[in-house]
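Q: For reference, the sequence and a predicted model appear below.
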Amino acid sequence: GAGVSQTPSNKVTEKGKYVELRCDPISGHTALYWYRQSLGQGPEFLIYFQGTGAADDSGLPNDRFFAVRPEGSVSTLKIQRTERGDSAVYLCASSLGAKNSPLHFGNGTRLTVT
Amino acid sequence: AQSVAQPEDQVNVAEGNPLTVKCTYSVSGNPYLFWYVQYPNRGLQFLLKYITGDNLVKGSYGFEAEFNKSQTSFHLKKPSALVSDSALYFCAVRDGNTDKLIFGTGTRLQVFP
């Protein structure tokens, strides 16, 4: 079946601009996660949704970052006033929601802020 | 809060030899432990997860992991390494009080022919 889909695969933007990154989870997966990964580092947790609500947004670095999942399926990560330090690969993952359910990851969106 | 440590940045092993990639964790309550692999320019792929009561868990591609409660470890193992196993490996943990999955810093496995 279809896996987690992330679009775009690459995004180049200028410092100060607004960007949106989209994630289409696996059908039927109630939980959706966003992570950020810098080169050579482990994925850094940003936010987790169970259904439509953000169950844990403790990883969002500041108020320039926001994510939504209005219908409990597709999610959008929004970054305002981008900074060069936001450059990274943004990973989305979905799961069935149980504590022992593995996360299934998309291929990520590589964001470059110039 | 939960945490996970991968003490080795890189592990080198000759093809055909056994390999071990180390992981230790700290959680409140029962641990939920996972291993993932990442090939260059690819997303993370799930390898295996800890199943309560099983000290040796088998996963994909011949990998297995050994759970040790007293040492709070969940080391990844394979009896005979392949060159194609060369990749970045991540250990991840979730504790019983949260659904947040935390990843280690990763270990690069290099298998030499």
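A: It's in. Not measured: the values here are computed from a predicted model.
Q: Give the residue spans of the chain that score low on pLDDT.
A: Using chain A here. Applying pLDDT under 70 to chain A flags residues A:1.
Q: oops, chain B please
A: In chain B, no residues with pLDDT under 70.
Q: which parts of it sit against chain A?
A: B:32, B:34, B:36, B:42-46, B:49, B:51, B:90, B:94, B:96, B:98-106 (CB under 8 Å from any CB of the partner chain). The C-beta positions use only the backbone N, C-alpha and C, and glycine is treated the same way.
Q: Among these, name the ones in helices.
A: Nothing among the residues of chain B next to chain A maps onto helices, per DSSP state H.
Q: Who are the contact partners of the most centrally placed residue in chain A?
A: In chain A, the C-alpha nearest the mean C-alpha coordinate belongs to A:Trp34, at 3.3 Å (CA atoms, centre = their mean). Taking CB atoms under 8 Å, 6 or more residues apart in numbering or on different chains, we find A:Trp34 in contact with A:23, A:46-48, A:67, A:75, A:77, A:90-92.
Q: Please apply the same query to A:Lys17.
A: Applying CB under 8 Å, 6+ apart to A:Lys17 gives the contacts A:81-82.
Q: so how many other residues sit close to residue 112?
A: You didn't pick a chain, so chain A it is. 13 (other CB atoms under 10 Å in any protein chain shown).
Q: Actually, chain B is the one I wanted.
A: Counted with other CB under 10 Å, residues neighbouring B:Phe112 total 11.
Q: Please tell me I have it right and it contacts B:Asn12.
A: Yes: using CB atoms under 8 Å, B:Phe112 is in contact with B:Asn12, at 6.7 Å.
Q: Please name the bridge partners of residue 76.
A: I went with chain A, as the question did not name one. Per DSSP bridges, the residues bridged to A:Thr76 are A:Arg22, A:Val68.
Q: wait, chain B
A: B:Val21, B:Ala65.
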